[in-house]
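Student: Provided below are the primary sequence and the corresponding predicted coordinates.
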Amino acid sequence: MQTSFISSVTEEHVQRAAAILNDGGLVAFPTETVYGLGALATNETAVKKIFAAKGRPSDNPLIIHIADFSEVTRYAREIPPIAERLAEEFWGGPLTMIFKKQPSVPDAVTAGLDTVAIRLPSHPIAYRLIKAAGSGIAAPSANTSGRPSPTTAADVLADMEGKIEMILDGGTSEHGVESTVLDLTSSTPRILRPGAVSLEMLLPFLPDCTYASANHCDKPACPGMKYTHYAPDAKVFAVKTLSVLDVNRLTENDPDAGILALSVEESGYRAAHLLSAGKTAADYAACLFSYLREADRRGIRTLYAVLPSPDGIGTAVINRLTKAAGGDIL
Ligand code: TXA
Ligand code: MG
């Protein structure tokens with residue numbers, strides 16, 4: 001299959017992309033979090049193609065992307081009143097809410113669960129595409145399963161060339177980590193995946209909101225959590241307590257070692273490859289996945305990624321890095 005790569009997206013391109021979706025094809029599109037790989041949510045055959053293109057296990061459900069809050073009732077039922085308040089505050093934006101599903105939502109989207117994940121992205125191209133398609137778009141991140149999520153259209157091309165009909169380039173993703181996934185169907189609201197909408201931001205609306213700890217997360221509450229994620233070819237270690245000196249001791253005399261950290265040089269880190277994650281946790285989130293891909297291009301074999309402090313979007317960075325490290329924390 002020939003993949004059309006569209007770099008300056010016009011209204012005509014959006015119409016073409018919407019036609020591809022309505023014909024049962026796949027289109028990758030930008031969002032403010034990461035790039036998505038979309039199929040029409042109501043077309044089960046098309047949705048199944050997403051799993052094939054990504055090599056994604058079929059028991060890991062997808063998020064339906066919509067363009068207006070009123071569309072929630074097409075896919076979900078028993079919507080708690082707080083959902084509209086959260087939508088006013090955080091949509092369009094990086095918050096996914098989980099509701100009970102409508103029977104009409106194809107099983108391929110929800111992996112057979114009785115619940116459905118819905119989000120309204122803020123990226124203008126995503127919004128225009130959903131509007132033009134006239135239906136919700138089911139979309140996971142547009143990476144090969146297990147690889148870092150794509151934050152540029154070039155990252156999508158690297159994983160999806162020849163497997164999907166079209167890629168819409170909308171620049172570098174603003175947040176760089178995937179949306180916060182909030183389960184509103186459990187007895188108390190739970191964050192299944194941390195993102196740019198942090199626990200601190202949700203607490204004023206949901207005083208009893210907590211993180212679902214991985215230990216308490218049995219199937220089917222958070223199916224995506226059990227798979228290896230975000231892994232580059234390099235071996236990643238998440239550095240939590242090790243001192244700068246101790247990390248430098250591990251990297252000295254190793255030409256294939258790298259260190260990724262906030263203000264990496266100012267902090268005194270030394271390695272053949274120093275990757276600066278910027279000054280703030282938001283900077284770190286924005287460059288994290290592109291650095292994991294960059295590490296492979298540079299031939300880094302061992303990457304020490306120093307964790308930021310565990311608040312705000314820093315929690316999401318820690319979550320992704322811990323997974324990329326396969327739980328190896330120093
Ligand atoms: O920011 C994002 O959320 C991006 C962009 C493209 O919107 N999408 C994304 O999709 O990250 P994906 O498929 O890579 O991650 C969706 C996560 C998975 O961990 C999945 O298990 C979880 O959401 N999920 C989806 N539906 C669910 C459900 N009904 N119950 C529990 N978890 C669900
Ligand atoms: Mg993903």
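Tutor: The structure has been received and is ready for your questions. Ligands and ions are numbered 1, 2, ... in the order given.

Student: Indicate the residue of the stretch 51-200 of the chain located nearest to ligand 2.
Tutor: Residue nearest to ligand 2 within the stretch 51-200 of the chain: S141 (3.4 Å; CB to the ion). For every residue, glycine as well, the C-beta is placed using N, CA and C.

Student: Would you mind stating the distance between that residue and S187?
Tutor: Using CB to CB, to the nearest Å, S141 is found at 29 Å from S187.

Student: between those two, which one's more packed in?
Tutor: S141 (28 against 6; other CB atoms under 10 Å).

Student: hey, where'd the helices end up in the chain?
Tutor: 11-22, 44-54, 72-75, 82-90, 107-110, 124-133, 153-160, 199-202, 244-251, 281-297, 314-324 (DSSP state H).

Student: Can the longest strand along the chain be said to contact ligand 1?
Tutor: Across the chain, the longest stretch assigned as strand under DSSP state E is strand 95-101. Yes. Counting by CB under 6 Å from any ligand atom, ligand 1 has neighbours in strand 95-101: 96, 98.

Student: pLDDT on that strand, on average?
Tutor: Taken as a whole, strand 95-101 carries a mean pLDDT of 98.

Student: Need the CA coordinates for that strand. PDB is fine.
Tutor: What follows is strand 95-101, C-alpha atoms only, in PDB (Å, rounded to 0.1, in the frame of the first residue of the first chain):
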ATOM      1  CA  LEU A  95      -8.300  13.900  29.200                       C
ATOM      2  CA  THR A  96      -9.900  10.600  28.300                       C
ATOM      3  CA  MET A  97     -13.000   9.500  30.200                       C
ATOM      4  CA  ILE A  98     -14.200   6.000  30.600                       C
ATOM      5  CA  PHE A  99     -18.000   5.300  30.700                       C
ATOM      6  CA  LYS A 100     -20.400   2.400  30.300                       C
ATOM      7  CA  LYS A 101     -20.600   1.700  26.600                       C
END
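
Student: For the chain, which residues are neighbours of ligand 1?
Tutor: 31, 33-34, 36, 60-63, 94, 96, 98, 110, 113, 115-117, 119, 121, 139-141, 178-179, 181, 192-193, 222-224.

Student: out of those residues, which are buried?
Tutor: 31, 33-34, 36, 60-63, 94, 96, 98, 110, 113, 115-117, 119, 121, 139-141, 178-179, 181, 192-193, 222-224 (16 or more other CB atoms under 10 Å).

Student: Next one: the spatially most central residue of the chain from E84, what distance?
Tutor: Geometric centre of the chain, nearest residue: E178, 2.7 Å, by CA atoms, centre = their mean. The gap separating E178 from E84 is 23 Å, by CB to CB.

Student: what do you get for S213?
Tutor: 28 Å.

Student: Who has more neighbours out of those two?
Tutor: E84 (13 against 8).

Student: List the contacts of the more buried one.
Tutor: The neighbours of E84, taking CB atoms under 8 Å, 6 or more residues apart in numbering as the test, are F69.

Student: how much space is there between it and ligand 1?
Tutor: 19 Å (CB to the nearest ligand atom, to the nearest Å).

Student: and the closest residue to ligand 1 within the stretch 51-200 of the chain, what pLDDT?
Tutor: Per CB to the nearest ligand atom, P140 is where the stretch 51-200 of the chain lies closest to ligand 1, at 2.9 Å. At P140, the pLDDT value in this model is 98.

Student: got it, and G327?
Tutor: 88.
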